[in-house]
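1. I would like to see how this sequence folds:
(one chain, ligands or ions: 3)
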Amino acid sequence: MRTVFLETYGCQMNVADSELMAGVLERAGMSLVDRPEDADALILNTCAIREHAEQRVIGRIGDFARYKQRNPAVVIGVAGCMAQHLRKKLLDGRRSLDLVVGPDGYRDLPRLLQRAAGEPVAQVRLDRDETYGDLEPRREPGVRAWVTVQRGCDKFCTYCVVPFTRGRERSLPLADLVRQVRTAADQGFREIVFLGQTVNSYHDGTHDFADLLRATDAVEGVTRIRYTSPHPSDMSVRVIDAMSTCAKVMPHVHLPLQSGSDPILSAMNRTYTTGEFRDVAERIRRAIPGVALTTDIIVGFPGETEQDFEATAALMREIRFESAFLFKYSARPDTRAFTWPETVSEEAKGHRLSQLIELQHQISGEVHDAMVGRDVEVLVEGPSRRGGEEREPQLHGKTPQFKTVVFRDDGTPAGALRRVRIVGATPVTLFGESLAQPTPAPLVTIAG
Ligand code: SAH
Ligand code: SF4
Ligand code: F3S
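-> Ligands and ions are numbered 1, 2, ... in the order given. All right, here's what the predicted structure looks like:
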């Protein structure tokens, strides 16, 4: 077993877990390859958040199964949240599948792969203590490094499968995280993104999330710090204070609202009311000038009436999030809401979703239009795919508020900051013209 092909689905935590797996595999003498046909083992790192996510993976397992018919020696593995969610059921009746490994089994991945070459293996024990804090991930080259600070979730929102797929909440020790951030900065990464399902409830027994932000702010070589996703109920005064005083912590908070109706929030077990959410949003906006608030919203939760839905739309109009991820409710086995009758038809869910998409599109468009004529600081990430043959080469990067800016390539290297004047906008992208001379290139080259 020498080569592994790894494909990732789901959220950033899965992307970070794939980098963790890559590190574990490489230290065991294996290498990652870009094409399935070059691999001794194929691993899918999967997501279970909505039914659609699982269906995509089932389709992909089918592709791999056909591939294995032609190459019987290849080992096929399913990792991640869907592996944990379906466990041994995934192996039943699928002779093509050799390994099922949940999110707490990655430390042993090389050994599991060797065993799976002989007989089907399932490692789906959740481990209250596993944080992988001591393991160095093999990060994908780029400007941004994902750093998982906390695993699992204890919130048990009634619609959500994550507490079942990732187990109990646990935080990595602050010292391990600062070491990871230093290593990433030395490797040339400029932006650190802290990850956790309720990242602001981070607590390692001694330090809280505010301590972590402050400790990272002091690390040399780091230009920007971000995090996702905080839980509204854990948005403490200390965290907001740290955000407003740490120069490198960017003015963007992704604050999932889920619903703008109090009865629905309560049925979702979200632990805050709309009034409390409003207060948190206001406190953040008061403490951090120019901050961008973005959110997640679910439509069609069991019991959501037309009135509840209208309340969500009204709160979106009032708060004016800069952008939003909008989802149709998907019933997930194991969750509490799974046992409740669905009261909103697929058609009504679709209708509500498109109404909110349109509303958000309008708000994002207005927010972006208001930025035309302003100057922003962009952390350049590299050439833009928008620069086709017919156009001059373009660069792209992010503003402090995490908005994408595209501008003519002026030679600014990836990882450097550039002042850009915004000259045009769509609801998703800002277009700019670079100003003055590029800021000096970073002293360390970008990894890879
Ligand atoms: N831990 C994060 C969210 C993780 S999942 C938080 O609490 O904010 C990302 C988003 O997927 C959630 O915010 C929610 O909007 C959506 N989601 C989760 N479970 C879902 C389900 N069963 N159906 C539809 N959307 C869901
Ligand atoms: Fe799921 Fe709620 Fe935990 Fe987020 S906070 S991962 S939505 S249970
Ligand atoms: Fe992420 Fe999907 Fe798991 S959203 S935590 S990969 S269920």
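
2. CA atoms for contacts and neighbours, from now on please.
-> OK.

3. What's the mean pLDDT across stretch 2-19?
-> Mean per-residue pLDDT for stretch 2-19: 97.

4. In it, which residues are buried?
-> By neighbour count on 16 or more other Cα atoms under 10 Å, the buried set for stretch 2-19 is 3-10, 12-19.

5. can you confirm A79 is in a strand?
-> Yes - assigned with DSSP: H, G, I helix; E, B strand; the rest coil, A79 falls within a strand.

6. what's the distance between it and ligand 2?
-> Separation of A79 from ligand 2 (Cα to the nearest ligand atom, to the nearest Å): 18 Å.

7. Touching, C160 and R332? I think so.
-> Yes - C160 is within contact range of R332, at 7.1 Å (criterion: Cα atoms under 8 Å).

8. Compare those two and say which one has the larger neighbour count.
-> C160 (24 against 19; other Cα atoms under 10 Å).

9. Identify the residues contacting the more buried one.
-> C160 is in contact with 49, 332, 335, counting by Cα atoms under 8 Å, 6 or more residues apart in numbering.

10. three-state assignment of it?
-> Secondary structure state of C160, per three-state DSSP, is coil.

11. just checking, I288 touches C246?
-> No - between I288 and C246 there is no contact under Cα under 8 Å: 10.7 Å.

12. what's in contact with whichever helix or strand I43 is part of?
-> Taking DSSP states H and E as the criterion, I43 maps to strand 41-46. Around strand 41-46, the neighbours that count as contacts under Cα under 8 Å, 6+ apart are 1, 3-10, 14, 18, 36, 54, 57, 64, 74-83, 113.

13. Quick check: mean pLDDT of that strand?
-> On average, strand 41-46 scores 97.

14. any bit of the next helix or strand after it sitting next to ligand 1?
-> Beyond strand 41-46 on the C-terminal side, the first helix or strand identified by DSSP H and E is helix 51-70. No - under the criterion of Cα under 6 Å from any ligand atom, helix 51-70 makes no contact with ligand 1; the nearest approach is 8.0 Å.

15. Longest helix of the chain, counting residues only.
-> What stands out as the longest helix in the chain, according to DSSP state H, is helix 346-369.

16. Flag the shaky bits of the stretch 251-400 of the chain, pLDDT-wise.
-> Scanning the stretch 251-400 of the chain for pLDDT under 70 picks out 386-390.

17. how close does the residue of it found nearest ligand 3 sit to ligand 2?
-> Closest residue of the stretch 251-400 of the chain to ligand 3, Cα to the nearest ligand atom: R332 (10.4 Å). Here R332 is placed at a distance of 11 Å from ligand 2 (Cα to the nearest ligand atom).

18. ok so that residue is a strand residue?
-> No - under three-state DSSP, R332 falls outside any strand and is assigned coil.

19. What residues does it make contact with?
-> R332 is in contact with 49-51, 159-161, 338, counting by Cα under 8 Å, 6+ apart.

20. Same question for N14.
-> 8, 45-47, 80.

21. Closest residue of the stretch 1-150 of the chain to ligand 2?
-> Of all residues in the stretch 1-150 of the chain, I49 sits closest to ligand 2, at 8.5 Å by Cα to the nearest ligand atom.

22. Could I get the full set of helices for the stretch 201-350 of the chain?
-> Secondary structure of the stretch 201-350 of the chain (DSSP state H, counting those that start in this stretch): helices located at 209-217, 237-245, 262-267, 274-287, 306-319, 346-369.

23. Go through the ones you listed and name the closest to ligand 1.
-> helix 346-369 (10.9 Å).

24. for ligand 3, what are the nearby residues on this protein?
-> Counting by Cα under 6 Å from any ligand atom, the positions of the chain adjacent to ligand 3 are 10-11, 13-14, 47-49, 81, 162.

25. Quick one: residues contacting whatever residue of the stretch 51-200 of the chain ends up closest to ligand 1.
-> Using Cα to the nearest ligand atom, the single residue of the stretch 51-200 of the chain nearest to ligand 1 is Q197, 3.7 Å away. Each residue near Q197 by Cα under 8 Å, 6+ apart is listed here: 150-153, 228-230.

26. Export these to JSON lines and append columns for neighbour count and pLDDT.
-> Formatted as JSON lines, the contacts of Q197 follow (neighbours: other Cα atoms under 10 Å; pLDDT from 0 to 100):
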{"residue": "Q150", "neighbour count": "25", "pLDDT": "97"}
{"residue": "R151", "neighbour count": "28", "pLDDT": "98"}
{"residue": "G152", "neighbour count": "24", "pLDDT": "98"}
{"residue": "C153", "neighbour count": "22", "pLDDT": "98"}
{"residue": "T228", "neighbour count": "21", "pLDDT": "97"}
{"residue": "S229", "neighbour count": "19", "pLDDT": "95"}
{"residue": "P230", "neighbour count": "20", "pLDDT": "98"}
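
27. Point out the ones among the residues you listed that are inside strands.
-> The members of the contacts of Q197 that map onto strands under DSSP state E are 150-151, 228.

28. Can you name the residues of the protein sitting close to ligand 1?
-> Proximity of the chain to ligand 1 is confined to 49-50, 159-160, 197-198, 229, 231, 256, 258, 296-298, 327-332 under the rule Cα under 6 Å from any ligand atom.

29. Pop the domain breakdown of the protein in here.
-> Following automatic domain parsing, the chain resolves into domains at 3-123, 139-250, 256-370, 375-434.

30. Render the CA-only coordinates of whichever strand or helix holds D17 in CSV, please.
-> Using DSSP H and E, D17 maps to helix 12-27. The C-alpha coordinates for helix 12-27 follow below in CSV (Å, rounded to 0.1, in the frame of the first residue of the first chain):
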residue,chain,number,x,y,z
GLN,A,12,-14.3,23.0,5.8
MET,A,13,-13.9,20.7,8.8
ASN,A,14,-13.8,17.8,6.4
VAL,A,15,-11.3,19.7,4.2
ALA,A,16,-9.1,20.1,7.3
ASP,A,17,-9.6,16.4,8.2
SER,A,18,-8.5,15.4,4.8
GLU,A,19,-5.3,17.4,5.3
LEU,A,20,-4.9,15.6,8.7
MET,A,21,-5.3,12.2,6.9
ALA,A,22,-2.8,13.3,4.3
GLY,A,23,-0.3,14.1,7.1
VAL,A,24,-0.9,10.7,8.8
LEU,A,25,-0.5,8.8,5.5
GLU,A,26,2.6,10.6,4.4
ARG,A,27,4.3,10.0,7.8
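
31. Quick check: next helix or strand after it?
-> Counting by DSSP H and E, the element after helix 12-27 in chain order, helix or strand, is strand 31-32.

32. Give me the sheet partners of that following strand and which way each runs.
-> Strand pairing for strand 31-32, determined by DSSP bridges: strand 3-8 (parallel).

33. Up against ligand 2, what does the chain have?
-> Applying Cα under 6 Å from any ligand atom, we find that the chain lies next to ligand 2 at 153, 155-157, 160, 162-163, 197-198.

34. in stretch 309-327, what counts as buried?
-> If you call a residue buried by 16+ other Cα under 10 Å, then stretch 309-327 has these buried ones: 309-313, 315-316, 320-324, 326-327.

35. how long is that stretch from one end to the other?
-> End-to-end span of stretch 309-327 (Cα to Cα, to the nearest Å): 13 Å.
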